[in-house]
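> Return atomic coordinates for the entry below.
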Amino acid sequence: MTTETALAAGAVGLLVAGGVGVWAGVDGTVSVGAGPRTAPAAFDAWAVKPVTDRAAALPQCTYGSSSGSSSTISSALSSGGPSAVSSGGSSTGGDPGLLFCAQSGSVVALVPSDGAVRWRRTVAGAGLQAPVLSGGLVYVPTADGRRLEAFDPSSGHPRAGLDLPAQSGWRFVGGTLVVARADGTLTGVDSVSGRTRWSRRIAGYSLPSLTSFPGDALAYVTSSSADGAHTRITAVDPETGAVRRQATLRGYLQPVGAHDGSVFLLDLDRVYGETEAVVRYTGRTGAVRRVALPTRMPSAQAVVRGDVVHLLGAGGTLRAVDMGAGRQVWQLETAVSQGSAPVCDGRYVYVVAADGRLLAVDARTGRLAGQTRPRLGGRPGALAAPVLAGGHVYAGAPDGTVFAVDGQDPSGW
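Numbers count the residues shown, from 1 in each chain. This is a model prediction of the structure:
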């Protein structure tokens, strides 16, 4: 049976009490010290302002290491993509990784343990999208969508960037940059050398959407019919451009995640674009499962964890839909009028609110587990989803702050 829970009106006031101290570092970064209840002793919560301008835009951040790819949790990861995010990750091997944030014409590498600035670079037009790690480099998209500036992730030294052609979307998948053109032409570019690996046109596509998901080795191209009755989805090998799977499914669909050979999609209303159902398509068998939602969700954003899809709609409704069981398992009214895409580490679902609060919701029961204090101010912009790495949660706030808390104990925030 579906469990529905409402947040108490006084919850914010109960959880945001506590003193706050501010100090300025020698590099000009402003650090905000947390109150005594912010985090357990195992991890000292921190907050910094990488760009000290009061009108700084919302930080767009990603986590990654020089030995692996990024764990980017941002709905603005690539142009033309759906509102979907990964479920988080951590660094590989002995490389502890860094937090890379783009904001108001700057890109900054922060040490995850304390928020210290490792390096800072100026990139004209940076800040609308999060940096991406691929091929041992960190790439920073520019505002015009025509170039990716590149830097060494450890030192910040500039490297040869990549120019982007006119396109409807791009994604880094492993060590390949996949670019989709409006006529359905896909091109794979080596992210280290900039050499074109392959190029092919997939017939029947017009203004395709391109996406990929952490933990899945394929890139996905989708295009819906003019009347929204059907959506075509093609899975492409990013290394070779070979088509691995292709299907035409009923509905106006947007892919939001992949797990164990299945792709998860939102079924949208053809007129208003509100989410009506969640769909799971399993390529190896061709099986399709559709779970209708009790009510439509406007501007829904989603994350996939195993067989469970968590959706947050405009207005604050947060739902968990178990596609294995074929039903919605819980619903929470968060009272968040505008929120980021959700992310999930298996224990909690995390969301950033428009007032800068980070909320943690129990992934099993749908109950609020904790929330940070509000961080208002700065310029309005797209809310970046939280970043999960090493058991910690990192988030950007409207006041220009990047902050970190221990994901093991949200009640202590």
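> Which stretches in the stretch 1-150 of the chain count as strands?
Taking DSSP state E, counting those that start in this stretch as the criterion, the stretch 1-150 of the chain carries its strands at 3-6, 21-24, 30-33, 46-49, 60-64, 71-72, 84-85, 98-103, 106-110, 117-122, 132-134, 137-141, 147-151.
> Just put those strands in a markdown table and tack on mean neighbour count.
Just so you know, the C-beta spots here come from the backbone N, C-alpha and C atoms, and that holds for glycine as well. Below are these laid out as a markdown table (neighbours: other C-beta atoms under 10 Å):
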| stretch | mean neighbour count |
| --- | --- |
| strand 3-6 | 14 |
| strand 21-24 | 10 |
| strand 30-33 | 16 |
| strand 46-49 | 24 |
| strand 60-64 | 27 |
| strand 71-72 | 24 |
| strand 84-85 | 27 |
| strand 98-103 | 27 |
| strand 106-110 | 24 |
| strand 117-122 | 15 |
| strand 132-134 | 25 |
| strand 137-141 | 25 |
| strand 147-151 | 22 |
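> Nearest approach to Thr248 belongs to which of those strands?
Comparing these against Thr248 with C-beta to C-beta, the closest turns out to be strand 84-85 (20.8 Å).
> pLDDT averaged over the closest one, what's the number?
The pLDDT scores in strand 84-85 average 44.
> mind checking the end-to-end distance for stretch 320-330?
This stretch, stretch 320-330, spans 5 Å end to end (C-alpha to C-alpha, to the nearest Å).
> Sorry, slip of the keys, the one I care about is stretch 328-341.
Taking C-alpha to C-alpha, stretch 328-341 runs 19 Å from one end to the other.
> quick check, distance from it to the centre of its chain.
Computed by C-alpha atoms, centre = their mean, to the nearest Å, the separation of stretch 328-341 from the middle of its chain amounts to 16 Å.
> Name the residues of it that are buried.
Across stretch 328-341, burial judged by 16 or more other C-beta atoms under 10 Å covers Gln328, Val329, Trp330, Gln331, Leu332, Thr334, Ala335, Val336, Gly339, Ser340, Ala341.
> Name the nearest of those relative to Pro50.
For these, the nearest to Pro50 is Ser340 (18.3 Å; C-beta to C-beta).
> Do I have it right that the closest one meets Val352?
Yes - with contact defined as C-beta atoms under 8 Å, Ser340 reaches Val352; the gap is 4.1 Å.
> Common neighbours of the two, please.
Leu383, Ala384, Ala385, Pro386 (C-beta atoms under 8 Å, 6 or more residues apart in numbering).
> So which of these wins on neighbours?
Compared across the shared contacts of Ser340 and Val352, Ala385 has the highest neighbour count, 33 neighbours, by other C-beta atoms under 10 Å.
> right, and that one touches Gly339 too?
No - with contact taken as C-beta under 8 Å, Ala385 and Gly339 are classed as non-touching, separated by 9.1 Å.
> Between these two, which contacts overlap?
Common neighbours of Ala385 and Gly339 (C-beta under 8 Å, 6+ apart) are Gln301, Val351, Val352.
> Could you pick out which of these are located in strands?
Gln301, Val351, Val352 (DSSP state E).
> what bridges to the first one?
Bridge pairing for Gln301 (DSSP bridges) gives the partners Leu312.
> cool, the one 4 residues further on as well?
Per DSSP bridges, residues listed as beta-bridge partners of Arg305: Val308.
> How much space separates it from Ala292?
Separation of Arg305 from Ala292 (C-beta to C-beta, to the nearest Å) stands at 21 Å.
> ok, now Glu276?
Glu276 sits 7 Å away from Ala292, going by C-beta to C-beta.
> neighbour-wise, which of these two wins?
Neighbours around Glu276 and Ala292, counted as other C-beta under 10 Å, are more numerous at Glu276. The numbers are 18 against 13.
> Distance from stretch 402-413 to the middle of the chain?
With C-alpha atoms, centre = their mean as the basis, stretch 402-413 stands 18 Å off its chain's centre.
> and it, how far apart are its ends?
Stretch 402-413 end-to-end distance (C-alpha to C-alpha) = 15 Å.
> Also stretch 212-228?
Counting by C-alpha to C-alpha, you get 22 Å between the two ends of stretch 212-228.
> Surely Pro50 and Val402 touch.
Yes - shown here, Pro50 and Val402 form a contact pair, counting by C-beta under 8 Å, at 6.1 Å.
> Spit out the residues that contact the two alike.
If you check Pro50 and Val402 against C-beta under 8 Å, 6+ apart, the residues they both contact are Pro59, Cys101, Leu110.
> Columns pLDDT and distance to Leu253 on top of these, output as CSV?
Shown next, in CSV, are the shared contacts of Pro50 and Val402 (pLDDT from 0 to 100; distance: C-beta to C-beta, whole Å):
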residue, pLDDT, distance to Leu253
Pro59, 93, 31
Cys101, 96, 32
Leu110, 97, 37
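> Now do the contacts for Pro96.
Neighbouring residues of Pro96 by C-beta under 8 Å, 6+ apart: Ser65, Pro112, Ser113.
> on that earlier part again, now the shared contacts of Ala385 and Gly339 as JSON lines including distance to Ala229?
Converted to JSON lines, the shared contacts of Ala385 and Gly339 look like this (distance: C-beta to C-beta, whole Å):
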{"residue": "Gln301", "distance to Ala229": "24"}
{"residue": "Val351", "distance to Ala229": "33"}
{"residue": "Val352", "distance to Ala229": "35"}
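> mind giving me JSON lines with these and columns for distance to Pro141 and neighbour count?
Converted to JSON lines, the shared contacts of Ala385 and Gly339 look like this (distance: C-beta to C-beta, whole Å; neighbours: other C-beta atoms under 10 Å):
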{"residue": "Gln301", "distance to Pro141": "20", "neighbour count": "25"}
{"residue": "Val351", "distance to Pro141": "24", "neighbour count": "27"}
{"residue": "Val352", "distance to Pro141": "20", "neighbour count": "29"}
